[in-house]
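J.: requesting a structural model of the entry that follows:
(3 chains)
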Amino acid sequence: MSEKIKNYRGEALKSADIKEGRVPTEKCRPKAKFAWSAGIAIGRFLEELKKAKIIASTCSKCGRIMVPPRIYCENCFKPTDGWKYVKDTGTINTYSVSYLAADATRLKEPILVAIIDLDGASEGMGIIHKLGEVDKEKIEFGMKVRAVWKPKEERVGSITDIKYFKPVKEETP
Amino acid sequence: MFGKKRVAIVGAGLTLFRRRLKETGKELSYEASKMALDAAGMELGDMQSVVMGTAPDAFDGVHMKGEYLADGAGAYRKPYTRVFVGGGTGVFTPLAGWWHVASGQFDSCLVVAEEKMSSCYPHPQFAFTTIFDPILERPLGMNLIWIFALEMHRYMHKHGIKKEDIARVSVKNKGNALDHPCAQLGAKITVEDVLNSEIMAWPVQRLDVSPTSDGASALVLVSEDVAKEVTDNPVWIDGAGWCIDSTHWTNRDLYYPDYVECAARMAYKMAGIKNPPKEIDVAEPYDPFDYKELHHMEGLLLCKKGEAAKLTAEGVTQRDGDLPINPSGGLLGVGNPIAAAGLMKVCEIFWQLRGEAGKRQIPGDPRTGLAQAWGDLMQYGSVIVLRR
Amino acid sequence: MSLDKITNPMHVRHWLGDMEADYIYTLGVAGERFFKEIKENGKIMGAKCPRCNIIYVPPRMYCEKCFAKLEGWVDVGTRGVVHTFTVAKIDVDGKKLQKPEIYALIKFEGACGGLIHKIGETTPEKVKIGMKVDAVFKPSFERKASINDIKHFKPAE
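T.: Predicted coordinates:
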């Protein structure tokens, strides 16, 4: 604050002022329900997840194999012109051990979350997903992981058709 | 310079930043705006245009809050625009005000930023989850902290930076905020306090993070002719830059903010700055998390990639160091009412360059300063360069 | 791939969800004083700008025209005038209401602004623009410092 200004406005409230009703308030919960159209690219992506496959879209100009797929290449600003399956394996680009749920409540068992660069896609084309069947202490950058799919009858065309990614055991030569 | 007119800042205003304030968002906007006008010795009638910056409607819980806040920002029957680029809004708002005046269309512009995050109850975190892709990301149970945790972890991994190297930023900024009369979280803490604080989403711990806040801030912008009439010590907006990267945020390497570099280069080119670490006397990079200050110092080309933590450890970024960073106390210390916090940084540079920052004043008669904010979903940078 | 004839999103591949969030709003400096007057004294107050000579209802902390801080409050009375009104036949979800509801913008003599509220104790055909209406308050023990502390406005006798 400028040293010339002597009076700073604002009346701070404590959460008890609200809880105990010392300060009048209005409460509201907006009722808004949505049906988001999946669109063309993600619509296809979800259909393929149902078949336990991961599909990318490709741009013939810059040669990128992009996942999640899109119908336009944002770099070349032209329509993508091909579809290509990528593998359901990849490497951990970065990860976190989260003790927070979506509503900021605290979890006893952490969610393991990672960005996974998928094999077969262009370099650095990651998706965000969870990790499983791994001790949180043993996760490493660059670790090879594989998707664990829900059984066919449980797959509905959702990003959660992949339960999580788990470490790939190094095969002995 | 392409026929652009020079634009001066002649007044700044700020409310307290607190977890919950009684005032409505309109009332907070009014208090900051009125303070900025009083500081400039001007009246609402002197303002020809108004720009309001405020982050997602989901915080205040008022849809179309640009319109809702308008009268508190002094926009009654004036050309009025609300701008919004997520967390980048606070620094983008004076950039939008700048082009109002630089274009020659207006001789004055009142620039206001406001946030009332306490309306979202019990915690604004849940409103944050609605910023994610509803099909690919929200079904995973995304939490906002995740994206910072993933970015911080990648940054630490790439450069081999340890948590204690990053924690020093939190210690410095919360310490600086002790001298800020509006601060919410000024405190004397240690690196150990940060390292021992609750783990939220590793590597993010409680004291790595800025709080949620209510607050407002404002600036008065005028053309060169008006500036000469109203003040002897204007501060000039000499550099403006903004940039957005790919919205496919999982397709980028999160260790470096290319979009900040792009915005900084745009601002430096306009300001004629060739050697940022030498020519910038004081900077307020965006610090919603402690690692973000380091990340942004690098993106702003104030040091080499991976070097910011070292400079912090050496004391270079303290108020009495060679390159004072966040002398206000930043978001970590002063608080983080999103858009208002970004504009608070521009207010701080304004006061620093005028020598009016009181206990927070950095030594050495600073002439050139910079403020930066980051936003949207991991890919937006806004940069402003000010000179006296 | 033309989807332009589809107006129901359920007919294309979609994802259902909501934007759950709960809100708690403070009434603000002016709002708190305004609603306390309603709750405790059954009075409708306005805030006067001495510079512009305007009385704002509901009261505000500042004059939007000149930015003066408004300290002087005046009682504008509980009788207002119907400035305009509508008769709602469906509710917010689009369902038919059993009984139509009358909503009006009610202005107060000498004041700028007004209140949006229900008109009660009458029927739609009897409501006219320009008619005088009186505030009907809930009993004081039921009042919570809210706009609903006023049950409705009814035609003045």
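J.: ok, the one helix or strand residue A:116 maps to near chain B or not?
T.: Assigned by DSSP states H and E, residue A:116 belongs to strand A:106-118. Yes: judged by C-beta under 8 Å from any C-beta of the partner chain, strand A:106-118 comes into contact with chain B at A:110-111, A:113-115. C-betas here are computed from N, CA, C, even on glycine.
J.: I'd like to know how many residues surround the residue nearest to residue A:43 when sequence neighbours are not counted.
T.: Distance criterion C-beta to C-beta, 6 or more residues apart in numbering or on different chains; nearest residue to residue A:43, sequence neighbours excluded, is residue C:13 at 4.3 Å. Using other C-beta atoms under 10 Å in any protein chain shown, residue C:13 has 17 other residues around it.
J.: could you tell me the model confidence score at residue C:13?
T.: Model confidence at residue C:13, given as pLDDT, is 81.
J.: again with residue C:3
T.: Looking at residue C:3, the pLDDT reads 54.
J.: cool, and residue C:37?
T.: On pLDDT, residue C:37 comes in at 97.
J.: quick one: is the helix or strand containing it near chain B?
T.: Here residue C:37 sits within helix C:28-41, counting by DSSP H and E. Yes: Helix C:28-41 is in contact with chain B by C-beta under 8 Å from any C-beta, via C:28-32.
J.: list of residues touching that helix?
T.: Outside helix C:28-41, the residues within contact range by C-beta atoms under 8 Å, 6 or more residues apart in numbering or on different chains are A:11, A:23-24, B:22-24, B:26-27, C:26-27, C:43-45, C:47, C:58-61, C:70, C:73, C:137, C:140, C:143-147, C:149-150.
J.: check the gap between the nearest residue to residue A:139 once chain neighbours are set aside and chain C for me.
T.: With C-beta to C-beta, 6+ apart as the criterion, residue A:139 has its nearest non-adjacent residue at 5.5 Å, and that residue is residue A:95. Shown here: residue A:95 relative to chain C, a distance of 26 Å by C-beta to the nearest C-beta, to the nearest Å.
J.: again with residue B:331
T.: Separation of residue B:331 from chain C (C-beta to the nearest C-beta): 23 Å.
J.: excluding covalently adjacent residues, which one is nearest to that residue?
T.: Counting by C-beta to C-beta, 6+ apart, residue B:331 lies nearest to residue B:210, which is 4.0 Å off, once chain neighbours are set aside.
J.: show me the contacts for the residue lying closest to residue C:42 once chain neighbours are set aside.
T.: Closest residue in space to residue C:42, ignoring its immediate chain neighbours: residue C:137 at 5.0 Å, by C-beta to C-beta, 6+ apart. Residues near residue C:137 by C-beta under 8 Å, 6+ apart: C:38, C:42, C:143, C:149-151.
J.: want to throw those residues into JSON lines with distance to residue B:247 and neighbour count?
T.: As requested, those are exported to JSON lines (distance: C-beta to C-beta, whole Å; neighbours: other C-beta atoms under 10 Å in any protein chain shown):
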{"residue": "C:38", "distance to residue B:247": "48", "neighbour count": "23"}
{"residue": "C:42", "distance to residue B:247": "54", "neighbour count": "15"}
{"residue": "C:143", "distance to residue B:247": "49", "neighbour count": "18"}
{"residue": "C:149", "distance to residue B:247": "47", "neighbour count": "19"}
{"residue": "C:150", "distance to residue B:247": "47", "neighbour count": "20"}
{"residue": "C:151", "distance to residue B:247": "50", "neighbour count": "16"}
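J.: can you list those residues in TSV and add distance to residue B:36?
T.: Output for those, formatted as TSV (distance: C-beta to C-beta, whole Å):
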residue	distance to residue B:36
C:38	34
C:42	39
C:143	39
C:149	37
C:150	37
C:151	43
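J.: tell me the one of those residues nearest residue C:123?
T.: Using C-beta to C-beta, residue C:151 comes nearest to residue C:123 of the contacts of residue C:137, at 17.0 Å.
J.: let me know whether the helix or strand containing that closest one sits next to chain A.
T.: Assigned by DSSP H and E, residue C:151 belongs to strand C:150-155. No: in terms of C-beta under 8 Å from any C-beta, no part of strand C:150-155 sits within range of chain A; the closest distance is 14.5 Å.
J.: name the residues that touch that strand?
T.: With contact meaning C-beta under 8 Å, 6+ apart, strand C:150-155 is reached by C:38, C:80, C:104, C:106, C:115, C:117-122, C:126-127, C:131-138.
J.: make it 6 Å
T.: The set of residues external to strand C:150-155 that reach it, using C-beta atoms under 6 Å, 6 or more residues apart in numbering or on different chains, is C:106, C:117-122, C:133-138.
J.: tell me the buried residues within those.
T.: Neighbour counting with 16 or more other C-beta atoms under 10 Å in any protein chain shown marks C:106, C:117-119, C:133-135, C:137-138 as buried within the contacts of strand C:150-155.
J.: tell me the one of the contacts of strand C:150-155 nearest chain A?
T.: Nearest to chain A among the contacts of strand C:150-155, counting by C-beta to the nearest C-beta, is residue C:138 at 14.7 Å.
J.: pLDDT value on residue A:170, please?
T.: 66.
J.: before we move on, what about residue B:2?
T.: With respect to pLDDT, residue B:2 scores 55.
J.: contact residues of chain A facing chain B?
T.: Residues of chain A found near chain B, taking C-beta under 6 Å from any C-beta of the partner chain as the criterion, are A:1-3, A:8-13, A:36, A:38, A:42, A:68, A:94, A:96-100, A:102-104, A:113, A:115, A:124-128, A:141, A:159-160.
J.: how about chain C?
T.: When proximity is defined as C-beta under 6 Å from any C-beta, chain C approaches chain B at C:15, C:17, C:19, C:21-26, C:28-29, C:61-62, C:64-65, C:67.
J.: just the ones of the residues you listed in strands?
T.: The strands, defined by DSSP state E, take in C:15, C:17, C:22-26 from the residues of chain C next to chain B.
J.: need these in TSV (columns: distance to chain A).
T.: Output for those, formatted as TSV (distance: C-beta to the nearest C-beta, whole Å):
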residue	distance to chain A
C:15	5
C:17	5
C:22	5
C:23	5
C:24	5
C:25	5
C:26	6
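J.: adding neighbour count, write those out as a markdown table.
T.: Converted to a markdown table, those look like this (neighbours: other C-beta atoms under 10 Å in any protein chain shown):
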| residue | neighbour count |
| --- | --- |
| C:15 | 22 |
| C:17 | 16 |
| C:22 | 16 |
| C:23 | 20 |
| C:24 | 17 |
| C:25 | 20 |
| C:26 | 26 |
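J.: for chain A, which segments count as strands?
T.: Using DSSP E, strands in chain A cover A:25-28, A:33-37, A:54-58, A:65-66, A:72-73, A:78-79, A:82-86, A:89-100, A:106-118, A:126-130, A:144-149, A:162-167.
J.: which of these has the lowest average pLDDT?
T.: Lowest mean pLDDT within the strands of chain A: strand A:33-37, a mean of 87.
J.: other residues contacting that strand?
T.: B:134, C:9, C:12, C:14-18.
J.: how about the residue most central in space within chain C, what does it touch?
T.: Centroid-nearest residue in chain C: residue C:116, 3.1 Å away (criterion: C-alpha atoms, centre = their mean). Residue C:116 makes contact with residue C:105, according to C-beta under 6 Å, 6+ apart.
J.: make it 8 Å
T.: Counting by C-beta under 8 Å, 6+ apart, residue C:116 touches C:103-106.
J.: which elements pack onto the lengthiest helix in chain A?
T.: For chain A, the helix with the greatest residue count under DSSP state H is helix A:39-50. Judged by 3 or more C-beta pairs under 8 Å, 6 or more residues apart in numbering or on different chains; DSSP states H and E, helix A:39-50 is in contact with strand A:54-58.
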